[in-house]
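S.K.: below: sequence and its predicted model.
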Amino acid sequence: MKYDPKKVKSRYDEIADEEDRQEKKPTLRTEIPREFIKKYIKKTDVVLDAGGGTGINAIMMAKKAKHVTLIDISTEIVNHAIKNVKNAKLSNKVDILEGDISNLKQFKNEQFSFVVCVGDAISYVLENRFKAMKELVRVAKKNSIMVIGCDSKYGFMRQYLKDGDLKEAISINKSHETYCGMGPRTHVYAIDEMKQLLEKNGCEVLEIASTPTITDTVDKKKFYEPKKWAKLKKLELEICTKPELLGIGNHLLFIAKKK
Ligand SMILES: C[S@@+](CC[C@H](N)C(=O)[O-])C[C@H]1O[C@@H](n2cnc3c(N)ncnc32)[C@H](O)[C@@H]1O
């Protein structure tokens, strides 16, 4: 299917309230990437949060770094981000703009020192993923850390098979494409594919994680008691980079450095 930015925008406009709730809820899909961001971000960093959603990551990063610019394709998502950042009293440290990661013309070459694109915008741009990666790398300074999250091909196939949908699993295996839950059409990546995309654009991959791995299939409500949740997260952080588990969860996370 061809990438249609209007469709992605209108889908996220429709589900913006639910997205805002999801980003604030305990979920390892967002919390594991946040731990990797905390591991790499520096006080002096000027950050781009591309496909940044309702601003929860931007708020966390603004507390640690010099400045954050959030860009997102959806007007309603951007409105939530403005409200959340204002409530966190961080409007002076976070700029929020509407825009598409496959065309970052509003930014100069090497404007940022830390580039984050987690939560799968790089999957939703479908065939524009080559353009989008080029843009994300273009706006990063040399030696910048790039944190890129995408949907996982084998994780999605496992999920469809778990739900009994063999036809869709076979189709994903051939096409690398499917629908993403309540979200838009998505390009699902195998590990080598994303690694090559980063390397072709002059980045060195430092770490790869599945976010999360085996706990993607657990009934998370059983773990919501805070002490249990902390233990589950600690377990995930211990295992999420194990090569034998990569790709099993629905999401992949790549930490790379622009050479
Ligand atoms: C699943 S949410 C993730 C939000 C946040 N980054 C996180 O990890 O919690 C995906 C976000 O990407 C945005 N998005 C999707 N396609 C995009 C594109 N082409 N350019 C910019 N933002 C995009 C959506 O509007 C949505 O806010």
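M.R.: Everything's here; your move.

S.K.: wait, isn't A88 in contact with I59?
M.R.: Yes: if you go by C-beta atoms under 8 Å, A88 and I59 touch, sitting 4.7 Å apart. From N, CA and C alone the C-beta is placed, and that goes for glycine too.

S.K.: I'd like to know how far the nearest residue to Q111 once chain neighbours are set aside sits from the ligand.
M.R.: Using C-beta to C-beta, 6 or more residues apart in numbering and skipping residues adjacent in sequence, the residue nearest Q111 is V139, 5.2 Å away. The gap separating V139 from the ligand is 13 Å, by C-beta to the nearest ligand atom, to the nearest Å.

S.K.: K141 and F112 touch, don't they?
M.R.: Yes: K141 lies in contact with F112 (C-beta under 8 Å); the separation is 6.8 Å.

S.K.: what about those two, which has more around it?
M.R.: Counted by other C-beta atoms under 10 Å, K141 and F112 do not tie: F112 has more neighbours, with 24 against 15.

S.K.: and the pLDDT for that one?
M.R.: You'll see F112 listed with a pLDDT of 98.

S.K.: show me what it bridges to in the sheet.
M.R.: Beta-bridge pairing for F112 (DSSP bridges): A140.

S.K.: my read: it touches A50, true?
M.R.: No: in terms of C-beta under 8 Å, F112 does not count as a neighbour of A50; the distance is 9.5 Å.

S.K.: what parts of the stretch 1-150 of the chain come near the ligand?
M.R.: Listed as neighbours of the ligand in the stretch 1-150 of the chain under the rule C-beta under 6 Å from any ligand atom: 8, 12, 19, 23, 30, 51-53, 57, 72-74, 77, 100-102, 118-121, 124-125.

S.K.: buried subset of the residues you listed, written for ChimeraX?
M.R.: The following ChimeraX line selects those of these that are buried, judged by 16 or more other C-beta atoms under 10 Å:
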select :8,12,19,23,30,51,52,53,57,72,73,74,77,100,101,102,118,119,120,121,124,125
